[in-house]
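J.: my questions concern the predicted model and sequence given below.
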Amino acid sequence: MQQITVLGATGSIGGSTLDVIARHPGRYRAFALTAHSRLDELARLCWRFKPRYAVVASAQDADTLQQQLDGLDCEVLHGEQGLCRVASADEVDSVMAAIVGAAGLAPTLAAVRAGKKVLLANKEALVMSGALFMQAVQEHGATLLPIDSEHNAIFQCLPCNYHDGLPQTGVRRLLLTASGGPFRETALHELAGVTPAQACAHPNWSMGQKISVDSATMMNKGLELIEACWLFAARPAQVEVVVHPQSVIHSLVDYVDGSVLAQLGNPDMRTPIAHALAWPQRIDSGVQPLDLYQLARMDFFEPDPEKFVCLRLAREAAEQGGTAPAILNAANEVAVAGFLGGQTGFLQIAQIIERTLEQLASRAADSLEAILDADKQAREVAGQWLARMS
């Protein structure tokens, strides 16, 4: 029986993870479930899965949830300290790291430093602190498995010794597929007036608001490019983004002998989650088999650089290195929050990020303190640009 901590249990990834866990009650048990503020939903999950711990954001929320769980043997913790505790507990075998944004960095690092099997759905952990994060994985003997469908696909298509370097293993390039989001066919001049509801209406995937907007701007793919570089010891030039509207090929690996290996499947996050939970074995995920006859065709396009400026900014930050990716990520979080809150327009998201990157110089990302300081400064500067563009 494997004990699983689910960081971000009330999100879409958390829900899919618990669905897979529920399908294998003799194999997995939820040790801890966490949520930021969706207390009623977390309470329902706790009563269903009966974890040993639950974690929420504040002490007040913890008291409220503990009352909702009266009669259930579940201790409620709160704050970053509580998250780190359930991520690193001795009883835990695997940690699903699915907290969106920079808030997921500390507990994910805590899981790594405790040598856990970490199922990484939080892009920001690697985007912000890639070098430190991968060094901690190696030093503490943690097992790092990617949950993003694209990175999980690449992981499945790479040779097991890919950490020796892509050229040494015969890999020419990694091809990250992208759906293109809801505005793939929308003219650039029409994007100025799009609403948050339109930006969040993803054609293929069911996701939270923030990641849906990131998909609409293709910042999501830019963050994945940075993440891929750290996960697979690749240079930015070795990672290419391909728009594939059907979202059936989740990513590809191009080898020097001309072979291109791809991982295909229906667009359902339970597939990579089940793969990582059971790795190196395979278990049923509940996902329907892919019907190639119904699919009939697959299309591929090059991303429009004028429409998807965020993708260019992310590649430039990856090439620059240091704290540039942390600055990019923080500015994006501020800009997206401003857009969702009606403070600024869709096209201003990229403008705010670009102005912030221009204003703040990248420094060495050689400590967690330096990374968090860059994150803080970027949020302040991006907030100032947001106020100007409101």
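T.: Sure, I can see it.
J.: could you give me the buried positions within stretch 272-288?
T.: 272-279, 285, 287 (16 or more other Cβ atoms under 10 Å). C-beta coordinates here come from the backbone N, C-alpha and C atoms, glycine included.
J.: do the same with stretch 40-47
T.: In stretch 40-47, counting by 16+ other Cβ under 10 Å, buried: 42-43, 45-46.
J.: pull it out as CSV, backbone CA atoms only.
T.: Extracted as CSV, the C-alpha positions of stretch 40-47 are listed here (Å, rounded to 0.1, in the frame of the first residue of the first chain):
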residue,chain,number,x,y,z
ASP,A,40,-16.1,22.7,1.5
GLU,A,41,-14.7,20.7,-1.4
LEU,A,42,-11.7,19.6,0.6
ALA,A,43,-14.0,18.5,3.4
ARG,A,44,-15.9,16.3,1.0
LEU,A,45,-12.7,14.8,-0.3
CYS,A,46,-11.5,14.1,3.2
TRP,A,47,-14.7,12.3,4.2
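J.: average pLDDT across it?
T.: Computed over stretch 40-47, the mean pLDDT rounds to 98.
J.: contact partners of it?
T.: Here stretch 40-47 makes contact (Cβ atoms under 8 Å, 6 or more residues apart in numbering) with 9-10, 18, 33-35, 54, 56, 65, 68-69, 72, 74.
J.: list the buried residues in the host helix or strand of residue 128.
T.: Secondary structure assignment for residue 128, by DSSP states H and E: helix 123-140. Within helix 123-140, the residues that count as buried by 16+ other Cβ under 10 Å are 123-130, 132-134, 136-137.
J.: for those residues, work out which two are farthest apart.
T.: 123 and 136 (16.9 Å; Cβ to Cβ).
J.: and residue 82, what does it touch?
T.: Counting by Cβ under 8 Å, 6+ apart, residue 82 has contacts 34, 53, 55-56, 62.
J.: hmm, try it at 7 Å
T.: Each residue near residue 82 by Cβ atoms under 7 Å, 6 or more residues apart in numbering is listed here: residue 55.
J.: buried stuff in the helix or strand hosting it?
T.: Under the criterion of DSSP H and E, residue 82 resides in helix 79-88. Neighbour counts over helix 79-88 (16+ other Cβ under 10 Å) mark 82-88 as buried.
J.: alpha carbons of it, in CSV - could you do that?
T.: Provided in CSV are the C-alpha atoms of helix 79-88 (Å, rounded to 0.1, in the frame of the first residue of the first chain):
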residue,chain,number,x,y,z
GLY,A,79,0.4,27.3,5.9
GLU,A,80,3.7,26.5,4.1
GLN,A,81,5.0,24.7,7.2
GLY,A,82,2.0,22.3,7.1
LEU,A,83,2.5,21.7,3.3
CYS,A,84,6.2,20.9,3.8
ARG,A,85,5.4,18.6,6.7
VAL,A,86,3.0,16.4,4.7
ALA,A,87,5.2,16.5,1.6
SER,A,88,8.2,15.2,3.6
